[in-house]
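**Student:** with the sequence up front, the predicted model follows.
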Amino acid sequence: MPPCPIHRTGLRTDDRVALTFDDGPNPPRTEQVLEILARYDARATFFVFGKWAERYPESLRRVVAAGHLVGNHGYAGQRRPGEYDESEAAIAHVTGRPTDFVRAHQFDYETMYQSSVAHLPETRAIDSDVRSMDWLADDVDAIVERVLDNPELGPGSIIALHDGAEMDEATERLTRPLAMLAALPRIIAGLQERGLRSVRVDELQLAAPLVWSPEEGLIDPAELTDDATPTMARE
């Protein structure tokens with residue numbers, strides 16, 4: 001498998017950041033996210049599971065109708081070849097368009113790159129430089145602080161949040177995003193106070209990617225020299 005590019009940030013040259021939401025669609029939580037984004041005139045990217053696109057097509061259509069971007073997060077979060085190809089078909093069946101953006105579930109780049117959709121010339125693999133860790137479902141203040149006090153936060157940041165989960169158990173899937181929902185208005189307001197506006201990933205000018213390979217993991221090519229050992233990037 002050839003080295004594969006992973007984009008973690010946009011260029012640090014303007015006032016744009018990208019809010020991203022993983023593991024949906026997950027009604028009514030996804031719709032609650034949409035309401036908050038509309039209140040603050042913010043746009044975002046939703047990296048969705050194919051199985052939820054099939055189960056909740058109307059929720060996914062609401063994401064598109066509200067002007068947000070849809071990306072491919074795999075079909076069900078499983079480690080199997082074709083996971084992202086199956087998801088792409090499910091998402092396109094609902095939205096009528098290709099996603100062009102993929103995100104590895106739980107940093108499993110190997111499974112993602114075993115799918116042919118990840119190797120299409122127009123596809124961009126997106127990670128993040130600011131992680132809220134909201135999947136821990138802990139207190140609201142901690143989620144806000146992990147975003148707004150993150151030393152990486154700035155122009156071009158890609159911020160990872162979750163409006164859903166991979167599990168079929170409905171109670172857990174509906175409960176887990178509650179702390180994030182309470183934190184989200186404070187996060188967006190905090191970004192705006194710093195002069196940062198939330199846009200879709202396709203509205204960012206992406207910075208040079210990191211590179212992943214099965215042999216070396218995720219590395220930053222800019223830190224390599226002819227006689228240097230690759231520096232492992234943080235995952």
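**Tutor:** Cool, got the structure. Numbers count the residues shown, from 1 in each chain.
**Student:** buried sites along the lowest-mean-pLDDT helix or strand in the chain?
**Tutor:** Within the chain, confidence by mean pLDDT, DSSP states H and E is lowest for strand 217-219 among all helices and strands, at a mean of 89. Buried residues in strand 217-219, counted by 16 or more other C-beta atoms under 10 Å: 218, 219. From N, CA and C alone the C-beta is placed, and that goes for glycine too.
**Student:** which strands and helices sit next to it?
**Tutor:** Here strand 217-219 touches strand 210-213, going by 3 or more C-beta pairs under 8 Å, 6 or more residues apart in numbering; DSSP states H and E.
**Student:** from the chain's centroid, how far away is the strand it packs on?
**Tutor:** Offset of strand 210-213 from its chain centre (C-alpha atoms, centre = their mean, to the nearest Å): 17 Å.
**Student:** rounded mean pLDDT for that strand, please.
**Tutor:** For strand 210-213, mean pLDDT is 92.
**Student:** residues in contact with it?
**Tutor:** The contact list for strand 210-213 (C-beta atoms under 8 Å, 6 or more residues apart in numbering) reads 1-8, 109, 113, 127, 218-221, 233.
**Student:** now, these that are in helices?
**Tutor:** The helices, defined by DSSP state H, take in 109, 113 from those.
**Student:** can I have the buried ones of the contacts of strand 210-213 as a ChimeraX selection?
**Tutor:** Selecting only the buried entries of those in ChimeraX, with 16+ other C-beta under 10 Å as the criterion:
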select :3,4,6,7,8,109,113,127,218,219,220,233
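**Student:** distance of the nearest residue to residue 102 once chain neighbours are set aside from residue 36?
**Tutor:** Among residues not flanking residue 102 along the chain, residue 72 sits closest, at 4.5 Å (C-beta to C-beta, 6 or more residues apart in numbering). According to C-beta to C-beta, to the nearest Å, residue 72 and residue 36 sit 24 Å apart.
**Student:** what number of residues lie near the residue nearest to residue 102?
**Tutor:** 32 (other C-beta atoms under 10 Å).
**Student:** name the residues linked to it by a beta bridge.
**Tutor:** residue 48, residue 102 (DSSP bridges).
**Student:** that one touches residue 87, doesn't it?
**Tutor:** Yes - with contact defined as C-beta atoms under 8 Å, residue 72 reaches residue 87; the gap is 5.2 Å.
**Student:** list the contacts for the residue lying closest to residue 201 once chain neighbours are set aside?
**Tutor:** Using C-beta to C-beta, 6+ apart and skipping the chain neighbours, the partner closest in space to residue 201 is residue 45 (4.4 Å). By C-beta under 8 Å, 6+ apart, the contact list for residue 45 reads 18-21, 68-71, 101, 126, 200-202.
**Student:** which strand or helix spans residue 198?
**Tutor:** Here residue 198, judged by DSSP states H and E, is contained in strand 197-199.
**Student:** ok, residue 46 next?
**Tutor:** strand 44-48.
**Student:** how far out from the middle of the chain is that strand?
**Tutor:** For strand 44-48, the distance to the chain centre is 6 Å (C-alpha atoms, centre = their mean).
**Student:** output the contacting helices and strands for the next helix or strand after it.
**Tutor:** Downstream of strand 44-48, the first helix or strand assigned by DSSP H and E is helix 50-55. When contacts are defined as 3+ C-beta pairs under 8 Å, 6+ apart, helix 50-55 packs onto helix 57-65, helix 83-95.
**Student:** dump these to TSV, plus distance to residue 41 and mean pLDDT.
**Tutor:** Shown next, in TSV, are those (distance: least, C-beta to C-beta, whole Å; pLDDT from 0 to 100):
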stretch	distance to residue 41	mean pLDDT
helix 57-65	16	98
helix 83-95	23	97
